[in-house]
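In: Provide a 3D model corresponding to the input given below.
(one chain, ligands or ions: 1)
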Amino acid sequence: MSSPDTLARLEATIAQRLGADPASSYVAKLNARGLGKIAQKLGEEATETVIAALTENREALVGEVADLVFHLMVLLGAKGVPLAEVLAELDRREGVSGIAEKAARPQD
Ligand SMILES: N=c1c2ncn([C@@H]3O[C@H](COP(=O)(O)OP(=O)(O)OP(=O)(O)O)[C@@H](O)[C@H]3O)c2ncn1[C@@H]1O[C@H](COP(=O)(O)O)[C@@H](O)[C@H]1O
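Out: Residues are numbered from 1 along each chain as shown. Below is the predicted model:
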């Protein structure tokens, strides 16, 4: 079942699989090929997401975004960056951003 815990579960699974047998795990296989390969896959999935957004249906877009998020999570795992660190950065921006709020306070 999907929930806000979905990404946390995926993060834990990826951390567990990074060092697994590449013959039995896609994450391990990708990691064994190096950071360059992981980054390349992320770039490919980003491109496929853009194409799906512009030319394909909703179902295809959802599939491509899932591929993109998954490969982004593999990259973060391989770099040892916890998802919580990214979420904390988004929380920080929530506090400092807001074009509409700034427009309402032009003196800032
Ligand atoms: N969410 C995913 C997920 N999304 C996509 N993929 C795989 O990503 C690969 C992308 O396919 P591509 O055709 O782009 O790439 P490829 O043919 O493998 O080869 P290259 O292009 O890299 O040469 C496919 O093999 C998909 O199965 C995923 N593999 C795993 N997961 C999650 O990761 C967990 C751990 O997976 P394992 O590491 O395989 O145990 C799983 O339980 C899932 O939750």
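In: What does L18 show for phi and psi?
Out: phi -50, psi -40 (degrees, to the nearest 10).
In: which residues touch the nearest residue to it once chain neighbours are set aside?
Out: Excluding the flanking residues, the one nearest L18 by Cβ to Cβ, 6 or more residues apart in numbering is N31, at 4.8 Å. C-betas here are computed from N, CA, C, even on glycine. Applying Cβ atoms under 8 Å, 6 or more residues apart in numbering, we find N31 in contact with L18, G19, P22, I38, V74, A78.
In: Let me have the residues you listed in a markdown table, adding neighbour count, pLDDT and distance to the ligand as columns.
Out: A markdown table is the format used below for the contacts of N31 (neighbours: other Cβ atoms under 10 Å; pLDDT from 0 to 100; distance: Cβ to the nearest ligand atom, whole Å):
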| residue | neighbour count | pLDDT | distance to the ligand |
| --- | --- | --- | --- |
| L18 | 17 | 98 | 9 |
| G19 | 12 | 96 | 11 |
| P22 | 15 | 98 | 9 |
| I38 | 21 | 98 | 9 |
| V74 | 22 | 98 | 8 |
| A78 | 19 | 98 | 12 |
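In: Where does pLDDT dip in the protein?
Out: The chain contains residues with pLDDT under 70 at 1-4, 98-108.
In: circling back: among the contacts of N31, name the ones in strands.
Out: Members of the contacts of N31 lying in strands (criterion: DSSP state E): none.
In: I'd like to know which of those is nearest to T49.
Out: Nearest to T49 among those is V74, at 15.5 Å by Cβ to Cβ.
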